[in-house]
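Asks: got a predicted structure here, sequence first:
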Amino acid sequence: MKNFLLLICLSCIAAGAAAQSVRIGSLEFSVKKNQDTVAQFLPVDCPPCPDENGEAPKKAQFKQFHKSTPFMGIGFIQPNIGGEKRYATMGGKSINLDFGWQHRYQLAKRWAFVGVFHYSYHNYKLRDAAVEPLFVNEVLNGTPYPAGSIAKQVYRTHSVAIGGMLRFYLKPPRRRTNSGLYADVGLQGDYVFSKYFNVYPGDKRRKFHNDYALNAFPGYALARLGWKGTALFCRYRLTDAFNQKVLPMDLPRVTIGIQFL
């Protein structure tokens, strides 16, 4: 009887020695030696799994980056918002065009700073400025034009603009090349290098410049709501387009449009 129990113990020890297991990463190798050699690969659940050094991988952290893109936009100058007395304009024909470059500095997952530099063109198609006495004296050099003889009257400006906006992401982008769903708020300053008033009595054109009556440094408040490469924008001019010391009325301040980034 003693010999039979001793034989059973030796058999158990031999079976345990024949089975070996080795663990590498997320796999466990179990090797059993009987008459043949058998390898079993058993996956081990270990999220996050350790690396070769036995350390758990670190969570990916956000990295700041910068992205530059060209953009263009078209806006429509609203005839009069706010109730102030202004020169009447034709809303659908008074437009603003922008062509420039945008720089996006991604500061955090949901925050970015956006800088813009662009050329800006404004075309105010007016109705009755050329017959208003003060406007005639200061801009048209005292040359009156009967209302019935004027086919068209426009005030045009060409300027370079620089601005900065703070961006908040309503839906952060998944990749750096995208922009997600965002809202921008900021300021813009222009230098108007060309400004003039055109009057068309019939088919002829009369062009007038007056640097004293027409301001060269307008400032704007900006707001945009965008998705990926398209944004709706609203621009409000904070300063006067005309020198209020000589022209008590001004031009409309609000422009609403769309930009393609």
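Replies: Great, that's in hand.
Asks: use CA for all of it now, contacts and neighbours both
Replies: Will do.
Asks: which parts of the chain are helices?
Replies: Assignment of helices within the chain using DSSP state H yields the ranges 2-18, 133-138.
Asks: show the average pLDDT along the longest one.
Replies: To tie it back to what came earlier, the one meant is helix 2-18. Across helix 2-18, the average pLDDT comes to 51.
Asks: shift numbering so it begins at 19
Replies: Taking 19 as the first residue, the last one we looked at is helix 20-36.
Asks: show me what contacts the closest residue to Y187 other than its chain neighbours?
Replies: Spatial nearest neighbour of Y187, chain neighbours left out: Y200 (4.2 Å); criterion: C-alpha to C-alpha, 6 or more residues apart in numbering. Residues in contact with Y200 (C-alpha atoms under 8 Å, 6 or more residues apart in numbering) are R185, F186, Y187, L188, K189, P190, L243, G244, W245.
Asks: so what's the residue count around the fifth one?
Replies: Applying other C-alpha atoms under 10 Å, we find 14 other residues in the vicinity of K189.
Asks: that one pairs with what?
Replies: Judged by DSSP bridges, the bridge partners of K189 are L199.
Asks: please report how far it lies from K81.
Replies: 18 Å (C-alpha to C-alpha, to the nearest Å).
Asks: ok, now the second one?
Replies: Applying C-alpha to C-alpha, one obtains 17 Å for the distance of F186 from K81.
Asks: I figured W119 hits F89, correct?
Replies: Yes - using C-alpha atoms under 8 Å, W119 is in contact with F89, at 5.8 Å.
Asks: surely Q171 touches N141?
Replies: No - when contacts are counted by C-alpha under 8 Å, Q171 is not listed as touching N141 (10.4 Å).
Asks: hang on, L232 packs against Q262?
Replies: No - here L232 does not reach Q262: they are 9.5 Å apart, not a contact under C-alpha under 8 Å.
Asks: between the two, which is the more surrounded one?
Replies: Between L232 and Q262, counted using other C-alpha under 10 Å, L232 has the larger neighbour count: 23 against 13.
Asks: what's the per-residue pLDDT of V272 here?
Replies: Reported pLDDT for V272: 93.
Asks: need the nearest residue in space to it, chain neighbours excluded.
Replies: Y254 (4.7 Å).
Asks: what do you get for F260?
Replies: L232 (4.7 Å).
Asks: now L240, which residues is it bridged with?
Replies: Going by DSSP bridges, L240 forms beta bridges with G204, R253.
Asks: so who does it touch?
Replies: L240 touches M183, D202, V203, G204, L205, Q206, F251, C252, R253, Y254, counting by C-alpha under 8 Å, 6+ apart.
Asks: how far is stretch 251-269 from where the chain is centred?
Replies: Distance of stretch 251-269 from the chain centroid (C-alpha atoms, centre = their mean, to the nearest Å) equals 26 Å.
Asks: what's the first-to-last distance across that stretch?
Replies: 19 Å.
Asks: residues contacting it, please?
Replies: Contacts of stretch 251-269 (C-alpha under 8 Å, 6+ apart): 103-106, 152-153, 156, 230-234, 236-243, 271-277.
Asks: again, 7 Å this time
Replies: By C-alpha atoms under 7 Å, 6 or more residues apart in numbering, the residues outside stretch 251-269 that reach it are 103-105, 152-153, 231-233, 236-243, 271-276.
Asks: which among those residues end up buried?
Replies: For the contacts of stretch 251-269, a burial check counting by 16 or more other C-alpha atoms under 10 Å picks out 104-105, 152-153, 231-233, 236-243, 271-276.
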